[in-house]
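I'll drop the sequence and a predicted model, then ask my questions.
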Amino acid sequence: MHHRYKAAAALILLSASLQTATAQQQELIPFDTAVRTGQLPNGFTYYIRRNTEPQQRALFYLVNKVGSILEDDDQQGLAHFMEHMNFNGTTHFPKNELIDYLQKVGVRFGADLNAYTSYDETVYQLPIPTNNPALVTKGIEIMRDWAQGALLETDDINKERGVILEEKRLREGVGARLQEKTTPVILNNSRYAYRSPIGIDSILKTFPVTAIRRFYHDWYRPDLQALIIVGDINPDQVEQQVKQQFASLKNPANARPRPDYTIRLTGKNQWLSLTDPEITTTELEIIIKHPGTELKTTADYLNAMKRGLFNQLLAYRLSELSQQPNPPFLGVKAGIGNLTGGLEQFGFSVTAKPGKLKEAFDVAWSQIEQVKRYGFTQAELDRVKTAYLANLDKASREVSKTASGSYVAEYQQHFLQGAATPGFAWEYDFVKKVMPAISLADIQAVANQYIAANNRDIFVAGPEREKANLPDSATVQGWLAAISAASLQQYKEVAANEALLPKIPAGGKIISRKKIPAVGVEQLTLSNGVKVWLKPTSYKNDQIQFTSFAPGGINKYSDADYPTASNTIGIIAGSGLANFSPMQLSRMLNGKSASVGAYIGGRSQGISGACTTDDLETALQLIYLRYTAPRKDTVLFDNAVARSREQIRNKYDNPGNVFSDTVSNVLSNYHYRLSPVTQERLDSVSLEKAYEIYKDRFADAADANFVFVGNFQPDSIAPLLATYLGALPALNRHEQPVILHSSVPKGKLVKTVEKGQDNKATVLLVYHGDCKYSEDESMQLQALAEILQYRLLTSLRETAGEVYTPSVQASMSREPDQRFSINISFGCAPEHVEHLVGLVQQDIEHLRKEGATADELQKYKAGLRQQVELQVKSNEFWLQYIAAKVERKEALKPLPDLEKQLGKITGSSISKATRQYLSGENCIRFVALPEKKQ
């Protein structure tokens with residue numbers, strides 16, 4: 001009796017402890033105290049946080065729980081239309097004055113100032129410079145206008161119809177046609193299936209203005225709105241301004257309830273077969289739908305971690321599968337993710353080689369069945385846990401450098417979904433505490449839950465000509481049943497426990513050191529001739545970026561060898577290193593933060609990569625192996641060639657590929673090395689030749705320059721650099737790059753491509769020619785392109801209403817040939833091409849005669865100042881700047897005086913640049929049009 005009593009007591013204690021654990025798991029996740037939040041009496045919510053990454057900048061977001069799902073039947077597309085109208089006239093900024101004002105203070109339309117509309121929300125974003133307090137005040141005023149100050153004038157609404165219809169036209173294509181058919185199935189014919197944010201033409205063209213005003217009145221209201229401000233601001237002052245500005249917002253009398261629409265799961269499975277002339281491959285997709293999950297309690301967070309680990313484990317398995325000999329598929333993907341309307345999904349898709357859909361599906365779905373049946377191994381789970389925790393530790397070292405945008409995204413989800421935002425410290429501690437207890441059984445439970453047999457949608461899609469060969473629903477169900485009943489072996493992995501570099505090289509010596517204080521750089525010369533350029537920075541707490549270059553490249557190889565030479569990096573660098581396959585290498589580097597890639601350009605070769613401070617030695621070992629121990633792999637080579645062959649086979653069924661390859665061919669003057677890949681070229685690619693080319697390109701580092709930028713002390717890392725970079729092979733060949741010239745056709749040309757069924761056109765105007773390169777002249781060209789884009793935005797979009805986003809891109813090269821190009825592109829209706837090209841030419845002519853206005857110059861200069869100010873505070877900028885200077889054998893000097901450069905950009909200089917670069921003497925007009933109906 002005594003022993004029984006003790007056992008019963010133990011059970012009671014165990015039960016109590018389990019209840020305690022459950023209660024702990026169900027605790028609400030705390031709210032981050034670093035963010036100031038509140039709700040005004042009218043229901044308006046705000047989030048304010050001071051963050052100085054980047055300095056003197058702040059992000060303002062207005063988040064509305066308002067999207068297309070709230071549209072009445074006569075309002076389809078008007079939630080998105082309303083988003084546009086907030087840029088077309090508000091209380092303090094009539095017409096287009098808002099965009100005009102913001103551009104003058106350096107905020108670029110599209111790149112910085114933007115918005116989006118989805119089913120359930122509309123979000124406006126505005127980055128503001130905060131060095132002037134008046135701009136912060138103005139930013140809050142703009143947010144107030146967006147919240148409830150749209151003018152919605154009839155003329156402005158009618159003008160915007162064309163712009164919206166052109167935005168919708170840009171989305172037309174095979175993807176849109178397929179989506180139109182699959183969406184009602186995936187969304188179970190719910191309201192979501194019939195509320196696409198872009199809307200429908202019949203309403204967009206003809207809706208009465210009262211319809212959009214009704215939508216605005218009903219839904220743009222404070223109890224559905226939040227303002228998020230994160231950046232280099234004074235929270236006390238900003239909070240007071242927010243309260244003053246937004247307390248006066250009014251909810252409508254008898255406000256409509258904001259319905260919480262959902263997608264009902266039926267438990268049934270659905271099937272759809274799709275064909276289209278522009279589909280180039282055959283694919284089978286399975287979507288298994290599940291109710292959505294929340295992120296409010298500790299249990300929610302733990303479950304999210306488990307799903308994340310499951311996705312990583314499955315991704316590794318599928319990656320390994322793709323490296324088996326001659327797989328019948330071209331690609332396979334699977335994992336848990338979000339779906340529209342608050343649902344989640346387990347998604348699976350496999351793209352088959354021609355005629356091999358069954359084989360591809362059998363191999364790929366057998367992996368899913370294997371995971372569901374047997375789960376994963378402890379070694380696999382340990383690896384993904386290690387990687388997860390390593391990434392967490394890496395993030396912890398960069399907490400003080402967290403970009404404002406990261407916080408904004410969290411607070412947005414908190415407002416829209418109630419998702420927790422506890423702050424990094426809480427997340428770090430929680431993950432460290434619960435990770436060890438996550439077991440194989442936990443991951444197996446995730447697989448069993450999500451790889452379910454009901455609520456499945458199965459889609460098969462293929463080229464129109466393959467319609468008769470596509471399986472029907474019963475056939476695919478038979479495939480699934482056969483795999484479910486099949487005898488599958490448990491997963492076995494090949495261990496890779498060897499050291500990355502079993503023997504540390506003897507290394508070399510540092511024979512000289514030279515400081516260049518003007519740019520904070522130190523240059524080391526090693527005994528093998530390698531030069532190393534070091535720039536310590538504090539832009540990141542724990543990041544080192546690096547690159548190298550040496551003269552050589554693939555231009556030295558003949559045209560006969562060019563197909564192989566141009567693919568050498570893809571073939572050899574993608575095959576692993578030394579004795580390690582890519583999968584083995586991935587396992588060996590698990591938990592480390594070091595990546596090194598190789599490249600071979602036309603006139604140089606080298607490596608590039610990044611690492612943390614602790615993993616610098618691992619990165620240097622990888623560099624050493626990239627030079628000295630390339631690996632070739634027949635299986636991976638054959639698989640890559642097979643994938644490329646299939647990509648080429650039906651490539652021109654896609655109208656976009658026809659157009660882009662036409663452009664490439666013409667602009668290169670049909671130069672052999674710049675032309676698209678063909679089957680004939682692919683057949684000439686040789687693994688052995690690629691291996692020899694790679695070894696030859698990396699056989700001699702004597703003339704190599706390495707640039708390292710990041711958070712390090714030169715004296716601390718110098719011994720490692722001497723050991724590994726000093727050990728690189730040096731043959732002292734002193735190669736010189738081979739200069740190959742190409743040409744662009746002179747004169748005026750028109751190339752028209754008629755392909756595809758969509759009623760849309762793409763126009764590309766290429767102005768080009770020879771020039772005399774200088775940094776000043778390059779900036780004149782960039783200024784001209786930017787100012788012309790302002791003009792086209794007004795004439796093609798705002799005035800004509802016939803284009804959504806005109807683009808002007810300019811470039812000036814100094815080598816191998818000094819040449820410039822200005823590319824003007826836009827999409828439109830086919831019948832508008834000639835009219836719009838005429839408007840472009842009018843704008844160019846006006847610029848040529850009159851030059852730029854004071855306002856246009858102010859916008860360009862303000863925008864460039866803001867860009868440069870941010871760019872120069874990054875490791876990426878300095879890496880590129882130093883490497884470019886050294887490779888061109890130019891002295892490292894302080895950055896040029898931006899104001900002095902900008903002072904040379906005037907109205908008359910833009911007029912001169914227009915005459916020089918947009919004369920039209922050399923202009924190629926490319927136009928893509930739909931095929932003519934027979």
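Nice, thanks for sending it over. Numbers count the residues shown, from 1 in each chain.

Show me where the stretch 451-600 of the chain has its helices.
473-485, 562-572, 582-588 (DSSP state H, counting those that start in this stretch).

chain center to the second one: distance?
Going by CA atoms, centre = their mean, to the nearest Å, the spacing between the C-alpha centre of helix 562-572 and its chain's C-alpha centre is 26 Å.

Return the set of buried residues in it.
Under the neighbour-count criterion of 16 or more other CB atoms under 10 Å, helix 562-572 has 562-569, 571-572 buried. Where you see a C-beta, it was placed from the backbone N, CA and C, and this is true even at glycine.

ok so, going back, now for the helices of the stretch 451-600 of the chain, which one comes closest to Gln378?
helix 582-588 (14.1 Å; CB to CB).

Just the buried residues of that closest one, please?
582-588.

closest to His768 among these?
Pro582 (41.0 Å).

what's the burial count for the closest residue to that closest one other than its chain neighbours?
Excluding its sequence neighbours, the residue lying closest to Pro582 (CB to CB, 6 or more residues apart in numbering) is Gly576, at 4.8 Å. Number of residues near Gly576 (other CB atoms under 10 Å) recorded here: 22.

Let me know whether Gly576 touches Val635 as I believe.
No. Assessed by CB atoms under 8 Å, Gly576 is found out of contact with Val635, at 11.2 Å.

Report the distance from the strand or helix carrying Ala722 to the chain centre.
In this structure, Ala722 sits in helix 714-724 according to DSSP states H and E. Relative to the centre of its chain, helix 714-724 is centred 35 Å away, using CA atoms, centre = their mean.

List of residues touching it?
504-505, 507-510, 522, 524, 526, 532, 534, 536, 616-617, 620-621, 623-624, 706, 708 (CB atoms under 8 Å, 6 or more residues apart in numbering).

mind listing what's buried in that helix?
714, 717-718, 720-724.

do the same with stretch 345-358
Buried residues in stretch 345-358 (16+ other CB under 10 Å): 345-353, 356-358.

And the pLDDT for the residue positioned nearest the centre of the chain?
Geometric centre of the chain, nearest residue: Ala111, 14.0 Å, by CA atoms, centre = their mean. You'll see Ala111 listed with a pLDDT of 81.

Just say helix, strand or coil for it.
coil (DSSP: H, G, I helix; E, B strand; the rest coil).

same check, this time on Leu764
Secondary structure of Leu764, per three-state DSSP, is strand.

Test my guess that it contacts Val663.
Yes. With contacts counted by CB under 8 Å, Leu764 reaches Val663, the gap being 6.5 Å.

What residues sit buried inside stretch 825-843?
Of the residues in stretch 825-843, those buried by neighbour count under the rule 16+ other CB under 10 Å are 826-830, 832-833, 836-837, 839-840, 843.

hang on, I meant stretch 390-397
390, 393-394, 397.

What average pLDDT does it get?
97.

Out of the buried residues of stretch 390-397, which is nearest to Lys748?
Nearest to Lys748 among the buried residues of stretch 390-397, counting by CB to CB, is Lys394 at 54.6 Å.

Does that closest one touch Ser593 like I think?
Yes. Using CB under 8 Å, Lys394 is in contact with Ser593, at 5.5 Å.

what's the overlap in contacts for these two?
Joint contacts of Lys394 and Ser593 (CB under 8 Å, 6+ apart) are Thr612.

SS state for the closest residue to Asn590 other than its chain neighbours?
Nearest in space to Asn590, with sequence neighbours left out and distances taken as CB to CB, 6+ apart, is Arg383 at 5.0 Å. Assigned with three-state DSSP, Arg383 falls in the helix class.

show me where pLDDT drops low in the stretch 51-200 of the chain?
Of all residues in the stretch 51-200 of the chain, none has pLDDT under 70.

List the residues that contact the closest residue to Pro745 other than its chain neighbours.
Distances taken as CB to CB, 6+ apart put Asn669 closest to Pro745, at 5.7 Å, once the chain neighbours are dropped. Under the criterion of CB under 8 Å, 6+ apart, the neighbours of Asn669 are 742-745.

Most neighbours among those, which one is it?
Compared across the contacts of Asn669, Val744 has the highest neighbour count, 19 neighbours, by other CB under 10 Å.

Look up the closest residue to that one, ignoring the ones flanking it.
Nearest one to Val744, counting by CB to CB, 6+ apart, is His768 at 5.1 Å.

Distance check, the one you found against Lys556.
28 Å (CB to CB, to the nearest Å).

Out of the contacts of helix 714-724, list just those in strands.
If you go by DSSP state E, the contacts of helix 714-724 have 510, 522, 524, 526, 532, 534, 536, 706, 708 in strands.

what's the most distant pair in those residues?
Leu526 and Pro536, at 18.9 Å, using CB to CB across those.

Between these two, which is the more surrounded one?
Leu526 (26 against 17).

ok, the more buried one touching Ser512?
No. Leu526 lies out of contact with Ser512 (CB under 8 Å); the separation is 9.1 Å.

re earlier: among the buried residues of stretch 390-397, which one lies nearest to Leu500?
Of all the buried residues of stretch 390-397, Ala390 has the smallest distance to Leu500: 16.0 Å, by CB to CB.

how about the nearest residue to that closest one, chain neighbours excluded?
Nearest to Ala390 is Gly591, by CB to CB, 6+ apart, at 4.3 Å.

same deal with Gly710?
Nearest to Gly710 is Ile544, by CB to CB, 6+ apart, at 3.4 Å.

Equivalent analysis for Ala147, please.
Ala147 sits nearest to Gln225 (CB to CB, 6+ apart), 5.6 Å away.

Repeat that for Glu802.
Among residues not flanking Glu802 along the chain, His832 sits closest, at 4.8 Å (CB to CB, 6+ apart).

related to what we said a few turns ago, please look at the residue nearest to Ala147 and Tyr46 and confirm they touch.
No. Gln225 lies out of contact with Tyr46 (CB under 8 Å); the separation is 9.4 Å.

Who has more neighbours out of those two?
Neighbours per residue (other CB under 10 Å) separate Gln225 from Tyr46, with Gln225 holding more: 26 against 22.

Test for you: state the pLDDT assigned to that one.
So Gln225 comes in at 98 (pLDDT).

quick one: contacts for Asn269?
Counting by CB under 8 Å, 6+ apart, Asn269 has contacts 454-458.

Pull out the buried members of those.
Counted by 16+ other CB under 10 Å, the contacts of Asn269 give 455-458 as buried.

Looking at the residues you listed, which are in strands?
456-458.

which residues does Tyr116 form a beta bridge with?
When bridges are called by DSSP bridges, Tyr116 pairs up with Val123.

hang on, the earlier thing: any idea which of the contacts of Asn669 is closest to Gly139?
Of all the contacts of Asn669, Val744 has the smallest distance to Gly139: 44.5 Å, by CB to CB.

Can I take it that the closest one is in a helix?
No. Secondary structure of Val744 (three-state DSSP): coil, not part of a helix.

Look up how far Cys923 lies from it.
Between Val744 and Cys923 the distance is 11 Å, computed by CB to CB.

Spit out the residues that contact the two alike.
Counting by CB under 8 Å, 6+ apart, the contacts common to Val744 and Cys923 are 766, 768.

quick check, nearest of the buried residues of helix 562-572 to Ser366?
Closest to Ser366, out of all of the buried residues of helix 562-572 and judged by CB to CB, is Ile571, at 28.8 Å.

Any figure for the gap between the residue nearest to Glu802 and Leu781?
In this structure, His832 and Leu781 are 28 Å apart, going by CB to CB.

now do Lys540
For Lys540, the distance to Leu781 (CB to CB) stands at 32 Å.

what helix or strand is Glu845 on?
Glu845 belongs to helix 833-850, assigned by DSSP H and E.
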